[in-house]
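A.B. asks: pasting the structure only:
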């Protein structure tokens, strides 16, 4: 069985379609949603979705922070494989079967899917291509790629680092050192909303900046202030982020 763990915070616009997407997946699964303190209608939607779809959904509360929320979900997961999914990312219908296939190899510790955006314009196809190419080359990936991992390995690696940013990068680096990482070419579909809201060029520069600073061991707390728009003027001005 695969445990699908979804961290949420004020996701009333996405959570219903996310749960409907998971319901359609072929294969044995459980759904664990971990809320980080939503103040919108997210909780009510989750509760009604479980009753409406006749699909058991475990709803947990946690401190805010994806790393913390996903660790909390992993603690109660019954599946041998953990799949961490963002609320605005949709899995292909055969996702569980694809994971089963690659995880039959005992040396496989986990992996990720290719990603594409819900906007079919050329620029977003190019961004997705470059994201997938870089991930395949480095075996480092982000949460948009829908990371999956054996539960036993997740525990051995200490789970997600409970830091405000880069927790997915940190986990994928630990996975890469421990065993074989699978890159599934079938695509998950993720939202392009941040790119549209923030601006494509600004978002690309922001991501490059964050990766560069993280490479040079800058604190994830500092990086989170940049990412969540509490940007220091000297840095943001230099990189044209304001």
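C.D. replies: Here it is on my side, so go on. Every value quoted in this text rests on a predicted model; they were computed, and no experiment measured them.

A.B. asks: going forward, measure contacts between C-alpha atoms and count neighbours the same way
C.D. replies: Noted.

A.B. asks: wait, residue 92 sits on residue 184?
C.D. replies: No: assessed by CA atoms under 8 Å, residue 92 is found out of contact with residue 184, at 11.1 Å.

A.B. asks: Can you give the domain ranges for the protein?
C.D. replies: 2-111+142-184, 199-242 (automatic domain parsing).

A.B. asks: can you give me the end-to-end distance of the first one?
C.D. replies: Pointing back at domain 2-111+142-184 there. 16 Å (CA to CA, to the nearest Å).

A.B. asks: how about the strands in the protein?
C.D. replies: 2-8, 29-35, 57-61, 81-84, 89-90, 108-117, 148-150, 180-190 (DSSP state E).

A.B. asks: Least confident of these, on average?
C.D. replies: In terms of mean pLDDT, the lowest-scoring of the strands of the chain is strand 57-61 (a mean of 90).

A.B. asks: Adjacent strands (with direction) for that strand?
C.D. replies: strand 29-35 (parallel) (DSSP bridges).

A.B. asks: Can you tell me what sits against the strand it pairs with?
C.D. replies: 1-9, 43, 56-62, 64, 69-70, 72-73, 77-79 (CA atoms under 8 Å, 6 or more residues apart in numbering).

A.B. asks: what's the angle from it to strand 2-8?
C.D. replies: With axes from the mean of the first three to the mean of the last three CA atoms, to 10 degrees as the basis, strand 29-35 and strand 2-8 are set at 20 degrees to each other.

A.B. asks: Could you report the distance from the one residue sitting closest to the centre of the chain to residue 43?
C.D. replies: Residue closest to the average C-alpha location in the chain (CA atoms, centre = their mean): residue 143, at 2.5 Å. As judged by CA to CA, residue 143 and residue 43 stand 22 Å apart.

A.B. asks: One more: residue 223?
C.D. replies: Taken as CA to CA, the span from residue 223 to residue 43 is 29 Å.

A.B. asks: now residue 10
C.D. replies: 9 Å.

A.B. asks: who has more neighbours, those two?
C.D. replies: The neighbour comparison of residue 10 against residue 43 (other CA atoms under 10 Å) goes to residue 43, with 23 against 16.

A.B. asks: how close does that one get to residue 33?
C.D. replies: Residue 43 is 10 Å from residue 33, by CA to CA.

A.B. asks: Please apply the same query to residue 109.
C.D. replies: Residue 109 is 23 Å from residue 33, by CA to CA.

A.B. asks: still on that earlier bit, ranking the domains of the chain by mean pLDDT, which is last?
C.D. replies: Across the domains of the chain, the lowest-scoring stretch is domain 199-242, with a mean of 67.

A.B. asks: ok, residue 188 - contacts?
C.D. replies: By CA under 8 Å, 6+ apart, the contact set of residue 188 is 89-92, 113-116, 145-146.

A.B. asks: If you rank the residues you listed by neighbours, which is first?
C.D. replies: residue 145 (28 neighbours).

A.B. asks: Am I right that it is in contact with residue 116?
C.D. replies: No: with contact defined as CA under 8 Å, residue 145 does not reach residue 116; the gap is 9.1 Å.
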